[in-house]
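J.: The following comprises the amino acid sequence and a computationally predicted model.
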Amino acid sequence: QSALTQPPSASGSPGQSVTISCTGTSSDIGGYSHVSWYQQHPGKAPKLMIYEVSKRPSGVPDRFSGSKSGNTASLTVSGLQAEDEADYYCSSYAASNKLVFGGGTKLTVL
Amino acid sequence: EVQLVESGGGLVKPGESLRLSCAASGFTFSTCGMTWVRQAPGKGLEWVSTISYTSDTHYAESVQGRFIISRDNAKNSVDLQMNSLRAEDTAVYYCATDGIGWSRDSWGQGTLVTVSS
């Protein structure tokens, strides 16, 4: 039940696009379409941004998109805005009714 | 509007026990799985435990045998009984609702548990 691997940091200027990767194994990301992404601002609870690899909950801007290839999932934030600066976490179903999270990526808007 | 309010956190010594509660409102609690996720200070999110709407329970290896999750559909609440606490259990504990595809779609604000002598 190892954590998924995310880069510790990512950055981009307002209006640009940034992609955050999340790498797992065939036992989690590669084996299922149950990948989610969460945004967490300092001192706040996480917020669901993407579920089932690429679906957005109601109210999440379409600037946020998700994808998956093999054992790696990705979150892309297009048209970066100042309020997108936050920590982002991926998660995946990991068989036997387990859930695993990534270590988190701090997104900085320059 | 979904509301989740955690309570029960505090300072305990290693080896002691603590019981967390999460009061839920704004949705049909009895048909929703519930999950506890924790976050150690300055660290990432860690899944702790999930209870399905049929009360099937699942645990992370790090807490298996020490923590017990339960639910009370009459009170719209989910509890986490934490026994034999260790320093590494120090974290903010969040409860969350189980969404589609193993997502967690609503979260409480968390309750802090500190395990220290």
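T.: Structure received. Numbering: from 1, shown residues only, chains lettered A, B, ... in the order given.
J.: who in chain B is up against chain A?
T.: Within chain B, the positions near chain A by CB under 8 Å from any CB of the partner chain are B:35, B:37, B:44-47, B:50, B:56, B:58, B:60-61, B:94, B:96, B:99-110. (Each C-beta comes from the backbone N, C-alpha and C, glycine too.)
J.: PyMOL command to pick out the buried ones of those residues?
T.: Selecting the buried subset of the residues of chain B next to chain A in PyMOL, with 16 or more other CB atoms under 10 Å in any protein chain shown as the burial test, is done by:
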select buried, chain B and resi 35+37+44+45+46+47+50+58+60+94+96+99+101+102+103+104+105+106+107+108+110
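J.: In strands only, show me the residues of chain B next to chain A.
T.: Of the residues of chain B next to chain A, the ones assigned to strands by DSSP state E are B:35, B:37, B:45-47, B:50, B:58, B:94, B:96, B:104-107.
J.: Export those residues to JSON lines and append columns for pLDDT.
T.: Converted to JSON lines, those look like this (pLDDT from 0 to 100):
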{"residue": "B:T35", "pLDDT": "97"}
{"residue": "B:V37", "pLDDT": "98"}
{"residue": "B:L45", "pLDDT": "97"}
{"residue": "B:E46", "pLDDT": "98"}
{"residue": "B:W47", "pLDDT": "97"}
{"residue": "B:T50", "pLDDT": "97"}
{"residue": "B:H58", "pLDDT": "97"}
{"residue": "B:Y94", "pLDDT": "98"}
{"residue": "B:A96", "pLDDT": "97"}
{"residue": "B:R104", "pLDDT": "93"}
{"residue": "B:D105", "pLDDT": "93"}
{"residue": "B:S106", "pLDDT": "96"}
{"residue": "B:W107", "pLDDT": "97"}
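J.: Pop out the phi and psi values for the nearest residue to A:S17 once chain neighbours are set aside.
T.: Residue nearest to A:S17 in three dimensions, not counting chain neighbours: A:S78, with 4.5 Å by CB to CB, 6 or more residues apart in numbering or on different chains. Main-chain dihedrals, A:S78, degrees, to the nearest 10: phi -100, psi 160.
J.: and A:S78, how many neighbours?
T.: Counted with other CB atoms under 10 Å in any protein chain shown, the neighbours of A:S78 add up to 16.
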